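J.: Pasting the sequence and the predicted coordinates here, then a few questions.
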Amino acid sequence: MNAHQQPTGSAYFIAPETAKAESHTLSVLVANEPGVLARVIGLFSGRGYNIESLTVSETEHEAHLSRITIVTRGTPTVLEQIKAQLERIVPVHRVVDLSVRAKDLGQERPIEREVALVKVVGTGDRRAETLRLADAFHAKVVDATVEHFILEITGKSSKIDQFVAIMKPLGLIEVCRTGIAAMNRGPQGM
Amino acid sequence: MTDSSNQQPDSNRMTGAEIVLKALKDNGVEHIFGYPGGAVLPIYDEIFQQEDIQHILVRHEQGAGHAAEGYARSTGKVGVMLVTSGPGATNAVTPLQDALMDSVPLVCISGQVPTSLIGSDAFQECDTVGITRPCTKHNWLVKDVNELAGIIHEAFRIAQTGRPGPVVVDVPKDIQFATGTYTPKPETVANVSYQPKVQGDINAIQAAVELMASARRPILYTGGGVINSGPEASRLLRELVELTDFPITSTLMGLGAYPASGKNWLGMLGMHGSYEANIAMHDCDVMICVGARFDDRITGRLNAFSPNSRKVHIDIDPSSINKNVHVDIPIVGDVAKVLSDMVRLWRALPAKPAKTQTEEWWQNIARWRARKSFSYKNSNDVIMPQYALQRLHELTKGHNTYITTEVGQHQMWAAQFLDFEEPNRWMTSGGLGTMGYGFPAAIGVQVAHPDALVIDVAGDASIQMCIQEMSCAIQHNLPVKIFILNNQYMGMVRQWQQLLHGNRLSNSYTEAMPDFVKLAEAYGAVGLYCDDPKELDGKIEEMIAVKRPVIFDCRVANLANCFPMIPSGKAHNEMLLPDEATDEAVANAIDAKGRQLV
């Protein structure tokens, strides 16, 4: 039963969600102080927003600023709310929706890169095949024994997804991904 | 206390507890509401040794919070509360969330176990900043005594800047004992992240003024933001109404910004608002929302909310814009600043709209007003709750009156029948709907206005949620009046059970009702009782005349319900009016299918 067909049974009006959800990448510049990440994440969980990817690191040591990159999914209205709500958090300095900014700059989307470490265990032909494919994906071997490789790969998330899928039958046993680092193209700063 | 390398004693060197008191004084604090405990003893010791700040001892930390809220709402100043760690802090959560939802500036200082014990599950430890993170604008755990003063100054800035709200400063006990340097309140705030925009975009205001000038069916929909913006905002709002001759309605939180006696006043809008206000909202062509947030109690069914209007929204909080309702002209800024520009630009219009442009609109409004949607059938035998409030209003005219309420039917009737002429005279829990708010809030109001007549309009159920504060009122000689509309039910719960749940009154009858007169006397207050409409006036006058706290047990018709009402999920033009609300209509307001789907 669709919520919007309810007459007036509830104390609240439960609106149907009709608009289409989009994935957007947000860059959030925050003061690097204790608890700031908890505030940002708490906002997402508390208000029921999605987090698809999250990356945090100090970017300007002198100014005590960290940059949080969040990939989130929602309807345009929800995305607008997320941005406004993030800006309400006291230690948040700036919020830029990189996806919207890219559109404004006439680009399809911001540059998004991710690093993954992939551990593959195997012997014989499978090892040769692993190296051949790693080469094709420009992945580097960062650790190896006669039984395993750890491969480091950088690229768009879709490329990493593909690489991980290919490695699966070759003995993949562990994956670690950093989440997305993102930036808009062109000479302008954030 | 002296630095060994320096012969001069440094007057800015002091203990953390001294820093707390000095920072409060430097931020203009005269009263704090609190309750002592192990983790705040050093601060209480400092309170004992000074006279500039008066501490009001409550009987439960929730009371401290609501009292601070009442204090803040009636003065426009920041309310301050002081609680201990653990249970003290968790008891403060309800008023913190209440203040967050109703945008009340509140600073809560909480004690914490010593830093070395944090995380060890020490006695009376809780993760205060973790627990209060979602119910404050911002909070701090102080880990260095040298940062304490700066954090308190910042706490006061955050609490009252932009959209006001509550903040928590959690101070571990060792920091209260430690000696550090007091940093004075900064003159200017340099290069920090939280800098809300207060000046509205002039182009947007111009566009709004042009839209307003073209309106044939305009309405002003105002809210608590006008009150929060200060007396100047209310004055400008009145000026704007005078200039434009637009009809005006307000949310529960905004009552008093425009006087109820004003000729353009339509009454409160929303779920229990007036017929004329709600129908006008539904039928208008231009809506100017000033400092209100399109709450679900206001809008009714969203997809039927004012379907044919173009909307202007003035709000200091950008996240309020387009949150629930899409608006055509958003203006982010402080109400007073934006209204000032708006009044100026309206005056500068090359051609003012002719009176005839809104003539038909005003004729319609007159017709809707004639429905007299707040009417009720009075009785000679029992006191009708509406009648009791009308008499209360009549008899308190000419007094310097402040009203607070608890939450429920009595609250809505108070909003309908007590006409407010001035801002900051009406304190009620709107967003969170906190039963137990009114009495401690009244205490806070009375502390701020010792000579005023402060009345908490209460219900028999709500008042029992913070009744312990009677002890506080007695101790501090606060002659607060509690006017209980006693119908022996949780009236609003019962009303909803009648509407939604086939009149099965599950747990909404007040069993084991205390004798409120004896209860008052037990505390040392005055108890009054009335169940006869003929005696009501005399008893109310007696209550007003007594210069001591009073509990007035006003027995009212038990089964009266609050109308008009927009049943939830219905639109503004689907109101249930008092003359149509027969038992049958109430039972069928929500159909069988709807009830099944709850």
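T.: Received it, and whenever you're ready, just let me know what you need.
J.: Show me how chain A divides into domains.
T.: Domain assignment for chain A, taken from automatic domain parsing, gives A:18-104, A:111-183.
J.: Determine how far the last residue of the longest one lies from the first.
T.: Right, the one you point to is domain A:18-104. Domain A:18-104 stretches 25 Å from its first residue to its last (Cα to Cα, to the nearest Å).
J.: for that domain, what is the average pLDDT?
T.: Averaging pLDDT along domain A:18-104 yields 94.
J.: hmm, it in reach of chain B?
T.: Yes. Judged by Cβ under 8 Å from any Cβ of the partner chain, domain A:18-104 comes into contact with chain B at A:30-31, A:34-35, A:38-39, A:42, A:46, A:77, A:80-81, A:84-85, A:87-93. (C-beta placed from N, C-alpha, C; glycine too.)
J.: Which ones among these map onto strands?
T.: A:30-31, A:92-93 (DSSP state E).
J.: which of the residues you listed lies closest to chain B?
T.: residue A:93 (4.4 Å; Cβ to the nearest Cβ).
J.: and that closest one, what does it touch?
T.: A:29-31, A:65, B:193 (Cβ atoms under 8 Å, 6 or more residues apart in numbering or on different chains).
J.: what does stretch A:127-135 contact?
T.: A:120, A:122, A:140-141, A:149, A:151, A:153, A:163, A:166-167, A:170-171.
J.: Now restrict those to buried residues only.
T.: A:120, A:122, A:149, A:151, A:153, A:163, A:166-167, A:170-171 (16 or more other Cβ atoms under 10 Å in any protein chain shown).
J.: Secondary structure added to these, as JSON lines?
T.: Compiled in JSON lines, the buried ones among the contacts of stretch A:127-135 are given as follows (DSSP: H, G, I helix; E, B strand; the rest coil):
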{"residue": "A:120", "secondary structure": "strand"}
{"residue": "A:122", "secondary structure": "coil"}
{"residue": "A:149", "secondary structure": "strand"}
{"residue": "A:151", "secondary structure": "strand"}
{"residue": "A:153", "secondary structure": "strand"}
{"residue": "A:163", "secondary structure": "helix"}
{"residue": "A:166", "secondary structure": "helix"}
{"residue": "A:167", "secondary structure": "helix"}
{"residue": "A:170", "secondary structure": "helix"}
{"residue": "A:171", "secondary structure": "coil"}
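J.: now the strands for chain A?
T.: Counting by DSSP E, the strands of chain A are A:22-31, A:53-60, A:65-74, A:92-97, A:111-121, A:140-144, A:148-155, A:172-177, A:181-183.
J.: what stretches of the stretch 251-400 of chain B score poorly on pLDDT?
T.: Within the stretch 251-400 of chain B, no stretch has pLDDT under 70.
J.: Ramachandran angles for residue B:179?
T.: Residue B:179 adopts backbone torsions of phi -100, psi 140, taken as degrees, to the nearest 10.
J.: burial count for it?
T.: Counted with other Cβ atoms under 10 Å in any protein chain shown, residues neighbouring residue B:179 total 14.
J.: show me the contacts for residue 114.
T.: In the absence of a named chain, this looks at chain A. Residue A:114 touches A:53, A:154-157, A:160, A:177-181, counting by Cβ under 8 Å, 6+ apart.
J.: looking at chain B here, not the other one
T.: B:122, B:172-174.
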